[in-house]
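# for reference, the sequence and a predicted model appear below.
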Amino acid sequence: MAAGQGDISAQSTVAMMYAKGIGTAKNEKEAVNWYHRAAVQGHTNSQYILGNMFLKGKGVPQDEIEAFEWFQQAAESGHINAQITLGYMYGKGKGTDRDDVEAFNWYLKAAEQGHPNAQYNLGVIYAKGRGIKPDIEEAKKWYRKAAEQGDENAQTALDRLGA
């Protein structure tokens, strides 16, 4: 079997099958085992999923610090959802010390790639001045980008700002 021989795509697929119970009984502990095998070899999506499993305590004891470490690896490799999650974790101090500047930096990376949730959160950061100097015009810019992609919270924020 390719997964047993170290093929990271096969390992990730086997993990997903265990996680969802496809072709086998659902087994989150076994899913963690296979995601971990792929993640340590650099499979970015497995790193992200493993982070979520630790964050939510699925198949493993809940561990925000371990989750943060897996999200960071995936984010540094360009995984957009991991970047957003790191922005959130830095902003809330989950799994790491609260750091508004780091939250801003990770949301910015994802927002520049066009992710509407990151764009909305960047707007919030600019509006409130969390970790940066407040800038309502920049906030409006990011809210608009998110609203153009259907983000209702961003549209509400724009309406509130009279934009």
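Okay, I see it. Numbers count the residues shown, from 1 in each chain.
# SS state for the closest residue to M17 other than its chain neighbours?
Distances taken as Cβ to Cβ, 6 or more residues apart in numbering put G23 closest to M17, at 5.5 Å, once the chain neighbours are dropped. Quick note: C-beta positions are derived from backbone N, CA and C, even for glycine. Taking DSSP: H, G, I helix; E, B strand; the rest coil as the rule, one finds G23 in the coil state.
# so which residues of the protein form helices?
In the chain, the segments counted as helices under DSSP state H are 8-20, 28-39, 44-56, 64-76, 80-92, 100-112, 116-128, 136-147, 152-160.
# and M1, what's its pLDDT?
Predicted confidence (pLDDT) at M1: the value is 57.
# quickly note the distance from G123 to I80.
For G123, the distance to I80 under the criterion Cβ to Cβ, to the nearest Å works out to 17 Å.
# neighbour count winner among the two?
Looking at G123 and I80 with other Cβ atoms under 10 Å, you find the greater number of neighbours at G123, namely 29 against 18.
# show me the contacts for the more buried one.
The contact partners of G123, by Cβ atoms under 8 Å, 6 or more residues apart in numbering, come to 138-143, 146, 154, 157.
# now do 10 Å
With contacts defined as Cβ atoms under 10 Å, 6 or more residues apart in numbering, G123 is in contact with 107, 111, 136, 138-147, 151, 153-154, 157-158, 161.
# repeat for W142
In this structure, W142 makes contact with 107-108, 111, 116, 118-127, 135, 154, 157, judged by Cβ under 10 Å, 6+ apart.
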